[in-house]
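Visitor: Sequence plus the predicted model coming up.
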Amino acid sequence: MRVVELAHIMAGPVCGLMLADMGADVIKVEKIAGGDDSRRFVPPDIAGESAAFMMMNRNKRGIALDLKSAEGRDVLLRLLEQADVVVENYRHDTMARLGLDHDTLAASNPGLIHAEISGFGRTGPYRERGGFDLIAQGMSGLMSITGEGPDRPPVKVGAPISDITAGILAAMGVCAAYAHRLAGGTGQRVDTSLFEAGITQTYWQSAIRFATGESPAPMGSAHPLNAPYQSLATRDGWINVGAANQANWLRLLEVIGAPALADDPRFRDNAARMANRDALVEALERRLIERDTDDWAARLNAAGVPAGPILDIGEMHRDPQAIARGMITEVSHPRAGDVATLGCPVTFHGTPGGVRRAAPLLGEHTREVLAEAGYDAVAIDALIAGGAAATSS
């Protein structure tokens, strides 16, 4: 699959990243004057290169074009004629203003899959609004269920979850559209948004609202449907315990030495535990504060009760399971040297993906990509000399 990425910062680049990790040839097209805005998200940097840009754009080749020039636009059109997919997260009318709307592109490449990622989608009353993760988290309902509890200041999810989820949804849509095309269909538009990405994270809470007519409130680390399923205090910190079904509840009581709680009418079943959550937490923490987190995690997991510590990012990077699954890896960058990065989150046992190359320098692969598109050396030199294209050297 050949993908042309006309995207910047996060949601679109996540889509390209997912496809690239799984083996697609992703060509990232950047503006000549500065490239993707995330190149300027510094600090932090490594040898002058933006750590944020390098994270989001590994496994891609990079070409720099001036799309406002006729020559640069013609180069892009040629690339798109040879592509399977174009990914873009421009504002609603940008592609049309450039003469690159889907109908125009499909006229010369009927098989082209056009993935559009926007703030609110290409239809509806908000279609012309720009999109940012913070705004999407607020309007999708996510911020109304995130935080320590009611009557506290609003809190967003720590990660830009609507940006990342939108990119993943777009990649999933691209793969489905590609399968349709391989089965004899044509190309098509695939349209998703940060708003919808945030909404998909509310499945449980939306189910509660549909069933009860009441909108759930923030619950800290607790679960809206099961208990105990949350963070609990230990002697040296916190532990997450997922004793969400009756069997695990009874196992938990055996491990912490509190079997009598099984006969307490307040905790008899999940409905009772949900109704008496504060008393439940108090009863459990009375035992859990007798030992350290790691001790309890080992005991609970040995008994089959899901449990684990709350790791910071550095601790997660050193976790043996993250390392064993290839989620922490290195890639060689032409300026920054060996750079740590996250790995491919999907393991293919027959056709493995993975991290194959570092994020490109601005225009690093311009000559290479233009040659593959059919331009000879003289034509490439003319494009560069005329300012329609640029290279990293």
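Guide: Yep, it's here.
Visitor: Would you mind writing the CA trace of the worst-scoring helix or strand of the chain on mean pLDDT as PDB?
Guide: Using mean pLDDT, DSSP states H and E, helix 94-97 stands out as the lowest-scoring helix or strand of the chain, at a mean of 90. In PDB, the C-alpha atoms belonging to helix 94-97 read as follows (Å, rounded to 0.1, in the frame of the first residue of the first chain):
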ATOM      1  CA  THR A  94      -8.300  23.400   1.900                       C
ATOM      2  CA  MET A  95      -8.100  20.400  -0.500                       C
ATOM      3  CA  ALA A  96     -10.800  22.000  -2.700                       C
ATOM      4  CA  ARG A  97      -9.000  25.300  -2.800                       C
END
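Visitor: so how far is that helix from its chain's centroid?
Guide: Taking the mean of its C-alpha atoms, helix 94-97 sits 26 Å from the chain's own mean (Cα atoms, centre = their mean, to the nearest Å).
Visitor: and that helix, which residues are buried?
Guide: Met95 (16 or more other Cβ atoms under 10 Å). Just so you know, the C-beta spots here come from the backbone N, C-alpha and C atoms, and that holds for glycine as well.
Visitor: same check, this time on stretch 280-292
Guide: Leu280, Val281, Ala283, Leu284, Arg287, Leu288, Arg291, Asp292.
Visitor: Same check on stretch 192-211?
Guide: Buried-residue list, stretch 192-211, by 16+ other Cβ under 10 Å: Thr192, Ser193, Leu194, Phe195, Glu196, Ala197, Gly198, Ile199, Gln201, Thr202, Gln205, Ile208.
Visitor: Following the chain past the strand or helix carrying the fifth one, name the next helix or strand.
Guide: Using DSSP states H and E, the element containing Glu196 is helix 194-200. Secondary structure here is assigned by DSSP H and E; on that basis, the next helix or strand after helix 194-200 toward the C-terminus is helix 203-212.
Visitor: Identify the residues contacting that next one?
Guide: The contact list for helix 203-212, computed with Cβ atoms under 8 Å, 6 or more residues apart in numbering, reads Gly141, Ile145, Ile199, Glu214, Ser215, Pro216, Pro224, Leu225.
Visitor: which of these are buried?
Guide: Gly141, Ile145, Ile199, Pro216.
Visitor: ok, the third one touching Gly141?
Guide: Yes: with contact defined as Cβ atoms under 8 Å, Ile199 and Gly141 form a contacting pair (7.0 Å).
Visitor: Spit out the contact partners of the residue lying closest to Arg73 once chain neighbours are set aside.
Guide: Nearest residue to Arg73, sequence neighbours excluded (Cβ to Cβ, 6 or more residues apart in numbering): Leu67, at 5.6 Å. By Cβ under 8 Å, 6+ apart, the contact list for Leu67 reads Val29, Lys31, Arg73, Leu76, Leu98.
Visitor: Helices - which of the residues you listed land there?
Guide: Those of the contacts of Leu67 mapping onto helices are Arg73, Leu76, per DSSP state H.
Visitor: how about CSV for the contacts of Leu67, with pLDDT and distance to Gly237 added?
Guide: Below are those laid out as CSV (pLDDT from 0 to 100; distance: Cβ to Cβ, whole Å):
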residue, pLDDT, distance to Gly237
Val29, 98, 47
Lys31, 96, 47
Arg73, 95, 57
Leu76, 97, 53
Leu98, 89, 53
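Visitor: Could you check how many residues crowd around Ile9?
Guide: Ile9 has 19 neighbouring residues, counting by other Cβ atoms under 10 Å.
Visitor: ok so, going back, check the spacing between the residue nearest to Arg73 and Val305 real quick.
Guide: As judged by Cβ to Cβ, to the nearest Å, Leu67 and Val305 stand 56 Å apart.
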